[in-house]
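Visitor: What would the 3D arrangement of this be:
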Amino acid sequence: KFITNQGHPVTVSQKEKQQLFEEWSRPPLISIAPSLMEEGRKLLHEFENNVLPYIESKNELSSVVASRAQEESEDEEMFDKNFSETDSSDLDESGNQEGVLNLLTGRTYEINPENNPERSEKMYHSLCQRLSYSGSQYPSSKPLPINEYKDVLQRALEEHQVVVVAGDTGCGKSTQVPQMILDQWILEQKGAECNILISQPRRISAISLAKYVAHERGERLGESVGYHVRLKYKRIENPGGIMFLTTGMLLQGLHSNPSLEGVTHVIVDEVHERSVQTDILLILLRRLLDIKKNLKVILMSASLSTEELQKYFGKDQSALIKVPGALYPLRRYYLEDVFTELDISPKRYQLQSLMEPGSHAMINVDLVVDVIQAIDVTRMPGAVLCFLPGWQDISVVQMRLQEIPKLRDRLWILPLHSRLASSDQEQIFHSPPKGQRKVVLATNIAETSLTIEDVVYVVDTGFHKEHRYDARKDLSVLGNHWISRANSQQRAGRAGRVQAGDVFHLYSSDIHKNMSSFPVPEIMRISLEHVVLQCKAYCGEESALTFLSDGLSVPSYRLIAAAIDNLEDLGMLRKDYENDIETLTPLGRRVLNFSTPPPLSKALVFSSIFRCVDPVLSISAALSSGRGIFQSTIEKRSEIREIKSSTDPSSDLLALIGLIRQWEELGSYRNSIDFCNERNLSHRGLLFNSGIKKVYGDHLKDGLLVDEEYVCSHLSKWNMNSHNNQLILGVLLAGVNRILLIQMGAFNKGILRKHKSVIKNEEGTTISTGSDCVLHTIPKKFDDSSRHLLCIQLTRDDASRRTVARDLSLLHPLTVALFAGHALILKNSGDGYTVTVDGRRKISFSVDERTGEFLTELRGALDQMVNIIIETRGLDMPLSPYFDNLSDKLVQYVSALLEVTETKDLKQKSILHDVDEVW
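Guide: Predicted structure coming up:
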């Protein structure tokens, strides 16, 4: 038989094929020179004699304590005691906590400030002067629908703890409600006692609203209006005022001021977006209302079911105010009417997916471009706001519009995306140059809070991009999804602010009718590891399931269980099956208030132990800040790959570290700009990530893991090993623990291709790579002694039906053996010895018996050392006098061993010599 059932030629026999597969799957070899192994054995012997007895005695003591008291081990109690003493505010003699943070001024909260009457009087005179000058009783000089509800709002607040304001887009609720409340207190001569927090889902909303309200009040920022977003804030100088802040910053503030001392009102804006942070905030506020009866909570929503909100907080305890929206009429056209209205021929488009309910969400770029062009040709002046799913779509549409000669000078095109700097985002509020029409290409960031006053025309593609987590596969699936009818209403409401508006929905009315009523809450569709860890910060001994079950929407048990399992695998939680709760481990306590994803939090902890803090901070910031360091567009991905490859051809992560390091070493602003322009880097993105990097460094200090302020300095003791690439990757691997494999050789349509390589996961599924990945194409002369890849990001792309890996790094076998999983297992298969990580067959290495025994002992000692450091560092706990010195020697031994491995010079370099030189 020379043809397969699939019609492909048979070029090799079944026996030859089997032999080739066995050859491809043969474990890579790890060998260590006897002299180097001997040096390591001396350290292990010292560890066994001087440290293990301490560990064993500690464990015995913990067992006695546990059996008698049936509570946490003595070490964990000591950890709690010392950690809280170091991290919490001081207590006065009566036990009351002092030093509670005022979330508006950023200073210590004063219970009875002496200057409040003076401040209140000053605010009163200022308000009276402004009202007299404007001749209006309303904060806004413009007629807004919310103005008619000022008295209704005041009565509702007098009679209820919770008020739900259901206001359509454009009614003025975000800017006027907080001012109405503050002004009423000012008129009652209590302005300095009125402290309002108003949460916003996005940075740009918090900043732009604060600036707008301050301007409307005739004040500079900081007088009675401020904002606080990540890395940027303008505090209110004295008590009494309105603080706009992101939901994340409000949650963070609850750590330092859990009872919201000094806060009179909390306004939660854009509740209908149902971000996971908003859902957690609602749980905490509902619980806080039970113990703080003078706190008022105002929930503002454009489209969420008000009955659901009222039911959640109790209909008897809450009032509902419904406010109409746009000032001017809106004309809404669905796709079947768009062609006629704009005189566009439908024949040139594939329209099935945009006309028939149940179809897969797929954007038609040609249609979007033609509609914007037709608006410019056929409609009166006015800005156009076009909603697109993501950055790639924005980039393509912008490029296509700019390629049309007659539009090049007519349109002022502005992208709006969260990855852009605040200053770039704020351009959308400016008037266009004379003779040009403003066109804003935006994601759903423009659906809420942001009001672009001159928008007359809205183009709604009907899609947004969402991550949806598959708990069975532990995989985030990224795809375009149809928006809800509530989203559609929000988008339409962006028009009609200054004159009658037109809304062009690029989908049929049938599809609109078939859309879900409201968006899927974020907490129901994402991985919950960070959420569960956040819960433990607020709920103490309560289980995460119980805490989350108190929410407006309750995630599936499978999602919560998967998150708990993953956190247990990371070593951050320990399950108590008897009491059906989970408790924090010492590692979990250390990272409890980290804002990084838990895998990166663990990597940061390991970086402090293995003395490579700075590069791991750089990578953590670049991966989790939401703002990349490249000016990335689709057409420049191959260019980005080349830039990274020229820095490090084996690792996206090491390439990023190298580029960031080069940028940080530049002295002048001009040199920095030139460096970025030459490499397609974003100077603002690098600056933003630099700020995030400092925040993450503060996490390590707050967790008592480092003791220096400048942990990013290459001179710091915490960066002694910051140039050891494999150690850096090992530390990241310890946290992420996601490994892919390179298979050399493949059969393609029956033909053997010895030099073709494919990337697979441990289950054998073929994995694609992003086109900007340095390993997008693996060289034919690839050294197959290193087959394992660290993978940071793995997503399923719905559109292409591919599983795509990004941020890949080639790992040396020894790096995998020492840092992957939980333990090394030595096996004798008859054909020789192998060491396997956690029994995972695809992550095994061929060794001789002596090397295998040494590696398993070394891995065990390292794991014990790491656990002790996590339990004790920075805390007043007795340690073996040998431990600090010996742990430093072990760290330097591993560092030098990996460095030797990387240079493939295992038989020539003395490691202990290097250790002695260091110490």
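Visitor: for the record, mean pLDDT for the helix or strand hosting residue 808?
Guide: Using DSSP states H and E, residue 808 falls within strand 802-811. For strand 802-811, mean pLDDT rounds to 90.
Visitor: Packing partners of that strand?
Guide: helix 652-665, helix 725-736, strand 739-748, strand 766-769, strand 788-797 (3 or more C-beta pairs under 8 Å, 6 or more residues apart in numbering; DSSP states H and E). To be clear about C-beta, it is placed using only N, CA and C from the backbone, and glycine gets the same treatment.
Visitor: Relative to residue 564, which of the ones you listed is closest?
Guide: Across the helices and strands packed on strand 802-811, residue 564 has its closest neighbour in helix 725-736 (17.6 Å, C-beta to C-beta).
Visitor: Need the CA coordinates for the closest one. CSV is fine.
Guide: The C-alpha trace of helix 725-736 is given here as CSV (Å, rounded to 0.1, in the frame of the first residue of the first chain):
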residue,chain,number,x,y,z
ASN,A,725,19.0,34.8,31.9
GLN,A,726,18.1,31.2,32.8
LEU,A,727,17.7,32.1,36.5
ILE,A,728,15.3,34.9,35.5
LEU,A,729,13.3,32.5,33.3
GLY,A,730,13.4,29.9,36.1
VAL,A,731,11.9,32.3,38.6
LEU,A,732,9.1,33.2,36.1
LEU,A,733,8.6,29.5,35.5
ALA,A,734,8.2,28.9,39.2
GLY,A,735,5.2,31.2,39.1
VAL,A,736,3.6,30.6,35.7
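Visitor: Can you check what angle separates that helix from strand 788-797?
Guide: Interaxial angle, helix 725-736 versus strand 788-797 (axes from the mean of the first three to the mean of the last three C-alpha atoms, to 10 degrees): 50 degrees.
Visitor: same for helix 725-736, what does it pack against?
Guide: Applying 3+ C-beta pairs under 8 Å, 6+ apart, we find helix 725-736 packed against helix 598-609, helix 613-624, helix 652-665, strand 788-797, strand 802-811, helix 813-819, helix 883-902.
Visitor: residues of the longest one that come out buried?
Guide: Going back to what we said before, that points to helix 883-902. 883, 886-902 (16 or more other C-beta atoms under 10 Å).
Visitor: That helix: how far from the chain's middle?
Guide: Centre-to-centre, helix 883-902 and its host chain are 33 Å apart (C-alpha atoms, centre = their mean, to the nearest Å).
Visitor: For that helix, which helices and strands make contact with it?
Guide: Secondary-structure packing of helix 883-902 (3+ C-beta pairs under 8 Å, 6+ apart): helix 34-50, helix 725-736, helix 813-819, helix 849-872, helix 911-918.
Visitor: cool, the third one as well?
Guide: Counting contacts by 3+ C-beta pairs under 8 Å, 6+ apart, helix 652-665 packs against helix 613-624, helix 637-647, helix 669-678, helix 683-702, helix 725-736, strand 802-811.
Visitor: Nearest residue to residue 408 in space, please, no chain neighbours.
Guide: residue 402 (6.1 Å; C-beta to C-beta, 6 or more residues apart in numbering).
Visitor: Could you do residue 245 as well?
Guide: Nearest one to residue 245, counting by C-beta to C-beta, 6+ apart, is residue 228 at 4.2 Å.
Visitor: who wins for proximity to residue 258 among the helices and strands packed on strand 802-811?
Guide: The closest of these to residue 258 is helix 725-736. By C-beta to C-beta, the value is 28.8 Å.
Visitor: Specify the angle between that closest one and helix 849-872 in degrees.
Guide: Taking the same axes, to 10 degrees, one finds helix 725-736 and helix 849-872 inclined to each other by 60 degrees.
Visitor: buried residues in helix 725-736?
Guide: For helix 725-736, using 16+ other C-beta under 10 Å, the buried residues are 725-736.
Visitor: Report the angle between it and helix 598-609.
Guide: Using the same axes, to 10 degrees, the direction of helix 725-736 lies 140 degrees away from that of helix 598-609.
Visitor: Okay, domains of this protein per the record?
Guide: 31-88+826-838+852-919, 116-323, 330-520, 527-588, 598-735 (automatic domain parsing).
Visitor: pLDDT on the third one, on average?
Guide: Confidence over domain 330-520 (mean pLDDT, whole number) is 87.
Visitor: Quick one: end-to-end length of that domain, please.
Guide: 27 Å (C-alpha to C-alpha, to the nearest Å).
Visitor: ditto for the shortest one
Guide: Domain 527-588 has an end-to-end distance of 18 Å (C-alpha to C-alpha).
Visitor: List the buried residues for stretch 125-137?
Guide: Buried residues in stretch 125-137, counted by 16+ other C-beta under 10 Å: 126-127, 130.
Visitor: wait, which of those residues is closest to residue 153?
Guide: Closest approach to residue 153 among the buried residues of stretch 125-137 (C-beta to C-beta): residue 127, at 17.2 Å.
Visitor: In terms of position in space, what residue lies nearest the middle of this protein?
Guide: residue 624 (4.9 Å; C-alpha atoms, centre = their mean).
Visitor: Look up how far residue 740 lies from that residue.
Guide: To residue 740, residue 624 is 21 Å away according to C-beta to C-beta, to the nearest Å.
Visitor: Point out where the stretch 701-850 of the chain drops to low pLDDT.
Guide: Scanning the stretch 701-850 of the chain for pLDDT under 70 picks out the ranges 745-755, 779-784, 798-800.
Visitor: how deep is residue 360 tucked in, by neighbour count?
Guide: 12 (other C-beta atoms under 10 Å).
Visitor: I misspoke; the intended subject was residue 849.
Guide: Neighbour count for residue 849, taken as other C-beta under 10 Å: 11.
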